[in-house]
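Asks: Predicted coordinates and the sequence they were generated for:
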Amino acid sequence: MAYLTLKDINKIYPNGYHAVHNFNLEIEKGEFIVFVGPSGCGKSTTLRMIAGLEDISNGEFLINGTRANEMGPREREVAMVFQSYALYPQMTVFDNIAFGLTLQGVDEDVIEEKVKNTARILGLTDYLDRLPRALSGGQRQRVAIGRAIIRKVGVFLMDEPLSNLDAKQRVTMRSEIAQIHRETGATTIYVTHDQTEAMTLADRIVVMKDGYVQQIGTPYELYYKPVNVFVAGFIGEPPMNFVKGVVKGGKIAFGPNQLDVTKKLGAKAAQYEGKEIVFGFRPEAIVLGEQEDSYVMEAQVELTEMLGDNTNIYITAGEEKAILKVDPHDTPEIDAAIKFSVPVKEVYLFDGETENVIE
Ligand code: ADP
């Protein structure tokens, strides 16, 4: 039996807004689950329903197979870490971390041992006497996480815990959260709009859009087997290139290039004759020049961006645009006419109407 089960969960707010539709998920003990999607897609709402901070309008939430819809947050044994760290400014790091246990009247010796152990996991041992104002943003966030993990709860819920940090701190904290998860083995549900955070932290990712789950899978599955245009475009940076076109004689146009969809679809291509199709390829999946078993395309270089470990090439093919990612040593001149190849196995074709991938 799964540890946590979300069965056809719906949220309809009192004003009638249907924020979450038929959310289904089973979570195993110890998993790190990330909810990702654009702002407003229902991630926090779902997390808050799991936390017991928001009523579930429809559907069932089970903990170890027992219905938990009516349980309060404490009974559910969850701890939540929010965006804002909400530390007590007049209390030391030690007292902030110890706060929950102190309230429960836990023995001082036990508290001391637990705080020290938590501080060790979080690298806060040398800061226990400090006040929050004497800490960096990343350290404050670690204290907030410490306050949550010191309680032996079943599930950690984190709502965009890194969004108040600068870019560099975010990267550091991200790997620290992964490390904390490895050390504690705690089941974690983490909300973010940042696909990189999702990809680097998650065992499994739930991609949401407009209140609907789009796909649930490992980072690998989402990257290599996206089920639709939305997921394909959301995961990966720069995003996947999409060429839309109506299939004529088995081909769609990408500027002056004719892309033969039968190469990918075989006989199935006939079903799409006269219909719109979306041809997707990732910027990093291309090879400059001509190559076998590939779609070979001609384009014009509009702009190049040298980023150190790679170069992004912004190309045009007639009226169409795309981005290619290459080794900086292969950076072409601006305005150059280039040829590049997309291996057939790196191409994703989507139905233009449903936007679902064509298997
Ligand atoms: P996310 O976390 O993905 O950014 P939320 O779960 O916060 O999204 O919100 C999902 C949708 O529900 C949004 O359109 C938001 O405006 C709406 N919403 C959130 N809270 C309420 C509320 N209390 N009443 C009505 N609508 C709400």
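Replies: Yes, it's here.
Asks: As a check, name the ranges of all helices in the stretch 251-359 of the chain.
Replies: Across the stretch 251-359 of the chain, reading from the start of the chain, the helices by DSSP state H, counting those that start in this stretch fall at 262-265.
Asks: which bits of this protein sit near the ligand?
Replies: Contacts of the chain with the ligand, taken as Cβ under 6 Å from any ligand atom, map to 13, 15, 17, 19, 37, 39-45. The C-beta positions use only the backbone N, C-alpha and C, and glycine is treated the same way.
Asks: hmm, which of those residues are the buried ones?
Replies: Among the residues of the chain next to the ligand, those classed as buried by 16 or more other Cβ atoms under 10 Å are 19, 37, 41-45.
Asks: Of the residues of the chain next to the ligand, which belong to strands?
Replies: Members of the residues of the chain next to the ligand lying in strands (criterion: DSSP state E): Ala19.
Asks: What helices and strands are in contact with the longest helix belonging to the chain?
Replies: If each helix of the chain is counted by residues according to DSSP state H, the longest one is helix 167-184. The criterion is 3 or more Cβ pairs under 8 Å, 6 or more residues apart in numbering; DSSP states H and E, and the helices and strands that helix 167-184 contacts are helix 108-122, helix 137-149, helix 195-201.
Asks: which strands and helices sit next to the last one?
Replies: Yep, that's helix 195-201 we're talking about. strand 32-36, helix 167-184, strand 187-192, helix 219-224.
Asks: May I see the ones you listed organised as TSV, with mean pLDDT added?
Replies: Formatted as TSV, the entries for the helices and strands packed on helix 195-201 read as follows, by pLDDT from 0 to 100:
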stretch	mean pLDDT
strand 32-36	98
helix 167-184	85
strand 187-192	96
helix 219-224	98
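Asks: Turn these into TSV, columns for distance to Tyr314 and mean neighbour count.
Replies: As requested, the helices and strands packed on helix 195-201 are arranged in TSV below (distance: least, Cβ to Cβ, whole Å; neighbours: other Cβ atoms under 10 Å):
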stretch	distance to Tyr314	mean neighbour count
strand 32-36	26	25
helix 167-184	23	15
strand 187-192	28	24
helix 219-224	22	17
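Asks: got the domain boundaries for the protein?
Replies: Under the assignment automatic domain parsing, the domains of the chain span 4-234, 241-351.
Asks: Give me the neighbour count for the spatially closest residue to Glu77 that is not a sequence neighbour.
Replies: Setting aside the residues directly before and after it, Glu77 is nearest to Gly154 in space (Cβ to Cβ, 6 or more residues apart in numbering), at 4.3 Å. Neighbour count of Gly154, defined by other Cβ atoms under 10 Å: 15.
Asks: Need the pLDDT of Gly154.
Replies: Residue-level confidence at Gly154 comes out at 84, pLDDT.
Asks: now swap in the one 4 residues further on and tell me
Replies: At Met158, the model reports a pLDDT of 93.
Asks: Return the set of residues that bridge with the closest residue to the ligand within the stretch 51-200 of the chain.
Replies: With Cβ to the nearest ligand atom, the shortest gap between the stretch 51-200 of the chain and the ligand falls at Val191, namely 6.2 Å. Following DSSP bridges, Val191 is listed with bridge partners Phe35, Asp159.
Asks: residue contacts, it?
Replies: By Cβ atoms under 8 Å, 6 or more residues apart in numbering, the residues touching Val191 are 34-36, 43-44, 47, 158-160.
Asks: do that again at 10 Å, thanks
Replies: Remark: with contacts taken as Cβ atoms under 10 Å, 6 or more residues apart in numbering, Val191 is in contact with 33-37, 43-48, 83, 157-161, 163, 197-198, 206, 208.
Asks: go on, Tyr295?
Replies: Remark: with contacts taken as Cβ under 10 Å, 6+ apart, Tyr295 is in contact with 243, 254, 257-261, 263-264, 279, 281, 286, 340-344, 346-347.
Asks: Now which of these would you call buried?
Replies: Neighbour counting by 16+ other Cβ under 10 Å classes 243, 254, 257, 259, 261, 264, 279, 281, 286, 340-342, 346-347 among the contacts of Tyr295 as buried.
Asks: Could you single out the nearest of those residues to Ile27?
Replies: Within the set of the buried ones among the contacts of Tyr295, Glu346 lies nearest Ile27; the separation is 32.1 Å, counting by Cβ to Cβ.
Asks: So the closest one sits against Ile286, correct?
Replies: Yes: under the contact definition of Cβ atoms under 10 Å, Glu346 touches Ile286, with a separation of 7.9 Å.
Asks: Quick check: neighbours shared by the two?
Replies: Shared between the contact lists of Glu346 and Ile286 (criterion: Cβ under 10 Å, 6+ apart) are residues 294-295.
Asks: Tell me where the model's unsure across the stretch 51-200 of the chain.
Replies: 83-85 (pLDDT under 70).
Asks: measure the closest residue to Ala322 other than its chain neighbours to the ligand for me?
Replies: Excluding the flanking residues, the one nearest Ala322 by Cβ to Cβ, 6+ apart is Asn241, at 4.0 Å. Distance of Asn241 to the ligand, computed by Cβ to the nearest ligand atom, to the nearest Å: 26 Å.
Asks: So Asn241 is in contact with Phe281, correct?
Replies: Yes: in this structure Asn241 lies within contact range of Phe281 using Cβ under 10 Å: 5.4 Å.
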